[in-house]
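>>> Below are the sequence and a predicted model; questions follow.
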Amino acid sequence: MIDEAGGFEYLVTGLVVGVPVLAGLGMIVASVLRWRRTSRLNRAGQHVTAVVADNQLVSVGEGRVRFRPVVTFRTLDGREVKTVLEGASSDKSHLAETPIDVVYDPDDPQRAAVPGNRAGGLVAGLVVGLVFVAFGCLAYLLVTNA
């Protein structure tokens, strides 16, 4: 049976090693899935011209905000759609009534993006995820060799 001190060491080791590795792997998987969705949308989506109707404000901390354009467009089957382009955020407000090219999913027109935006946060998510995994692996090596 494991004594109390040994059990605590395993718990701390699991937290110091396991949490960063799992978080890093989660970031990597989420980045790849977001990239695949964006790539599929660019490849199979319908291209239309939308009009900026408004801006959605997103707080990014310390009193800073980002602006996501809220656009309206008409699908090829005539439906009017109003949606937020999440991948097109900016530090500056998007001007109302400005035309913008978008690509949308015909099965779910609320999913729209700016054409050609393939990265979709892939690089940042991969780098941060890899840093977390590397930290967890390094912590494991340090803990097991101590």
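Okay, I see it. Numbering: from 1, shown residues only.

>>> going forward, measure contacts between C-alpha atoms and count neighbours the same way
Noted.

>>> ok, longest helix in this protein?
helix 19-44 (DSSP state H).

>>> Enumerate the positions of it that are buried.
For helix 19-44, the neighbour count (16 or more other Cα atoms under 10 Å) marks 20-21, 23-25, 27-32, 34-36, 38-39, 41-42 as buried.

>>> Tell me the buried residues in the worst-scoring helix or strand of the chain on mean pLDDT?
The helix or strand of the chain with the poorest confidence is helix 4-13; it has a mean of 72 (mean pLDDT, DSSP states H and E). Using 16+ other Cα under 10 Å as the test for burial, helix 4-13 gives T13.

>>> V65 against L57, yeah?
Yes: if you go by Cα atoms under 8 Å, V65 and L57 touch, sitting 6.3 Å apart.

>>> sorry, back to before: centre of the chain to the helix or strand following the longest helix of the chain, how far?
Going down the chain from helix 19-44, the next helix or strand is strand 46-61, by DSSP states H and E. In terms of Cα atoms, centre = their mean, to the nearest Å, the centre of strand 46-61 is found 16 Å from the chain centre.

>>> Strand 46-61 versus helix 19-44: what angle between them?
150 degrees (axes from the mean of the first three to the mean of the last three Cα atoms, to 10 degrees).

>>> quick one: contacts for T13?
Residues near T13 by Cα atoms under 8 Å, 6 or more residues apart in numbering: 140, 143.

>>> Can you give me the separation between it and G24?
Going from T13 to G24 by Cα to Cα, to the nearest Å gives 17 Å.

>>> before we move on, what about L142?
For L142, the distance to G24 - Cα to Cα - is 19 Å.

>>> can you check V133 too?
For V133, the distance to G24 equals 5 Å [Cα to Cα].

>>> hey, what's the nearest residue to K82 once chain neighbours are set aside bridged with?
Among residues not flanking K82 along the chain, T72 sits closest, at 4.3 Å (Cα to Cα, 6 or more residues apart in numbering). In this entry, T72 is beta-bridged to V51, K82, by DSSP bridges.
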